[in-house]
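J.: Everything below, folded, please.
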Amino acid sequence: MTFGGILLLLLIAAVSGSIAQALVGYSRGGCIVSIVLGFIGALLGYWIADALNLFLLFQVNIQGRNFPVIWSIIGGRGVICGSIEPGGWQKALSTNL
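T.: Sure, this is the predicted structure:
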């Protein structure tokens, strides 16, 4: 993978992580946290989709590697809800109602 491909992958992961944080209403950290959240969310989301035999929604192909954007957002939301301290997840989820 070239340097440009890696930068594009980081950009997509940052956007996916930012969207996941916005959906939950929890915004700790900055761009680096969003990138890490996007990658962890992609791993978790892909694993969930594979375990439940669900199809992969909206994949972005970057130099032969697929990045599942929708599952990255779903997985990132799960990571955020799982990492918030006890009782804090109810507050984070109630902001969307």
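
J.: For residue 27, give me the pLDDT.
T.: On the pLDDT scale, residue 27 is placed at 68.

J.: nope, residue 83 is what I was after
T.: 66.

J.: And for residue 62?
T.: For residue 62, the model assigns a pLDDT of 80.

J.: where does the protein have low pLDDT?
T.: Scanning the chain for pLDDT under 70 picks out the ranges 26-28, 82-97.

J.: Quick one: the strands in it, in order.
T.: 59-62, 65-68 (DSSP state E).

J.: Now the ones you listed in a markdown table, please, with extra columns for mean neighbour count and distance to residue 79.
T.: Any C-beta I mention is one placed from the backbone N, CA and C, and that applies to glycine too. Shown next, in a markdown table, are the strands of the chain (neighbours: other C-beta atoms under 10 Å; distance: least, C-beta to C-beta, whole Å):
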| stretch | mean neighbour count | distance to residue 79 |
| --- | --- | --- |
| strand 59-62 | 14 | 20 |
| strand 65-68 | 16 | 15 |
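
J.: where along the chain do the helices fall?
T.: According to DSSP state H, the chain carries its helices in the segments 3-24, 31-51, 69-83, 88-94.

J.: Kindly calculate the angle that the second one makes with helix 69-83.
T.: Angle of helix 31-51 versus helix 69-83, following axes from the mean of the first three to the mean of the last three C-alpha atoms, to 10 degrees, is 110 degrees.
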